[in-house]
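my questions concern the predicted model and sequence given below.
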Amino acid sequence: MEKKQQMEVFFLPSTAGLIKIYINGFKPYDSRGQVNAILNDVTVSIKGHHRKKTIIRALASLHESLLNKKRD
C-alpha cells in the first residue's frame, strides 16, 4: 500500500511580492521534513526535524539571500 504525501502551502503577502512557503513531511511527529520558500526568482530549500524551527530557518535564509542579491 502506498502512502500519500501531503504538502502544505502558505502564501504571505509582502511589499516585495508574494512569499510562497511549501511544507512537505514532518509526519509522524519529529520525522524529517522539507520547507521551500520562494519570493520572485529566489528559492531556498531547508530540511529539518522540527517543523516550526525549519519554517523560521527557511524564512531567515530567504531574507539573507535577498540581502545578498540586493548588495550585488
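Happy to help now that I have it.

return the distance of the host helix or strand of residue 11 from the chain's centre.
Assessed by DSSP states H and E, residue 11 sits inside strand 7-14. Between the centre of strand 7-14 and the centre of its host chain there is 9 Å, according to C-alpha atoms, centre = their mean, to the nearest Å.

cool, and stretch 16-23?
Using C-alpha atoms, centre = their mean, the offset of stretch 16-23 from its chain centre is 8 Å.

likewise stretch 51-66?
Taking C-alpha atoms, centre = their mean, one finds stretch 51-66 lying 7 Å from the centre of the chain it belongs to.

buried ones in that stretch?
51, 54-55, 57-59, 61-62 (16 or more other C-beta atoms under 10 Å). C-betas here are computed from N, CA, C, even on glycine.

same check on stretch 22-32?
22-23, 25-26.

quick one, what contacts residue 16?
39-40, 66 (C-beta atoms under 8 Å, 6 or more residues apart in numbering).

list of residues touching stretch 26-42?
By C-beta under 8 Å, 6+ apart, stretch 26-42 touches 6, 14, 16-25, 43-51, 54-55, 57-59, 61-62, 65-66, 69.

how far does it sit from its chain's centre?
5 Å.

adjust the sequence numbering to begin at 23 for everything that follows.
Sure thing, new numbering starts at 23, so read that last one as stretch 48-64.

what is the end-to-end distance of that stretch?
In stretch 48-64, first residue to last residue: 24 Å (C-alpha to C-alpha, to the nearest Å).

where are the low-confidence patches of the chain?
23-26 (pLDDT under 70).

which stretches in it count as helices?
Under the criterion DSSP state H, helices of the chain are mapped to 73-93.

as a markdown table, the contacts of residue 38 with distance to residue 53 would be great.
Conversion of the contacts of residue 38 to a markdown table gives the following (distance: C-beta to C-beta, whole Å):
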| residue | distance to residue 53 |
| --- | --- |
| 61 | 27 |
| 62 | 31 |
| 88 | 30 |
